[in-house]
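*Asks:* Build the 3D model from these lines:
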Amino acid sequence: MTDLLEKFNTVHNPKATFDAECTQMFDKAMMVLNGNYIAGTYDYISHNRKELYQKIVKLEGGLEKFWGKGIEAFREVLTAYYRLTMDCIRLHRESISMSQTDEPKERQPDSVLAVSNHGGQ
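*Replies:* Numbering: from 1, shown residues only. I've put the predicted structure just below:
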């Protein structure tokens, strides 16, 4: 029965086909993005790279605008959104790495050094 319904929707409702294809492309992209996402990325970008955040918001609007209306237009916007989001994740990851290397190294307490200098006695 489901096959008949899908066939009917494909022939009589091309929008249903576009919706299904858009959903499939979107789900694949989101699966990869979610696998790479670092918590706090959007907050980091919205505070530190406002121009990139504004582009993401604009692309999200484009996804809504083209969803189910045309595969090529939707694919183009989704690809741009995917690439920009991956760039933002990379930038956030780099900022985390830099902040960790900028932190001062924890100094060992003198008592531990004294014990190791005296052979543990």
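*Asks:* pLDDT of stretch 41-54, averaged?
*Replies:* Throughout stretch 41-54, pLDDT has a mean value of 95.
*Asks:* May I see the buried residues of that stretch?
*Replies:* Thr41, Tyr42, Tyr44, Ile45, Arg49, Leu52, Tyr53 (16 or more other Cβ atoms under 10 Å). C-beta coordinates here come from the backbone N, C-alpha and C atoms, glycine included.
*Asks:* List the residues that contact Asp43.
*Replies:* The neighbourhood of Asp43, defined by Cβ atoms under 8 Å, 6 or more residues apart in numbering, contains no residues.
*Asks:* in the helix or strand containing Ile96, what counts as buried?
*Replies:* Element membership for Ile96 (DSSP states H and E) is helix 71-102. Neighbour counts using 16+ other Cβ under 10 Å place 74, 77-78, 80-82, 84-85, 88-89, 91-92, 95 of helix 71-102 among the buried residues.
*Asks:* ditto for stretch 54-63
*Replies:* Buried residues in stretch 54-63 (16+ other Cβ under 10 Å): Lys55, Ile56, Leu59, Gly62, Leu63.
*Asks:* My read is that Tyr81 contacts Lys58, right?
*Replies:* No. Using Cβ atoms under 8 Å, Tyr81 is not in contact with Lys58; the gap is 9.4 Å.
*Asks:* list the residues that contact both of these two?
*Replies:* Joint contacts of Tyr81 and Lys58 (Cβ under 8 Å, 6+ apart) do not exist.
*Asks:* Okay, strands next: where are they in the chain?
*Replies:* Per DSSP state E, the chain carries no strands over any range.
*Asks:* Show me where it has its helices.
*Replies:* 2-12, 14-36, 41-48, 50-66, 71-102, 110-117 (DSSP state H).
*Asks:* Would you mind getting the angle between the second one and helix 41-48?
*Replies:* Read it as helix 14-36. Calculated by axes from the mean of the first three to the mean of the last three Cα atoms, to 10 degrees, helix 14-36 forms an angle of 80 degrees with helix 41-48.
*Asks:* Who are the packing partners of helix 14-36?
*Replies:* In this structure, helix 14-36 packs against helix 2-12, helix 71-102, with contacts taken as 3 or more Cβ pairs under 8 Å, 6 or more residues apart in numbering; DSSP states H and E.
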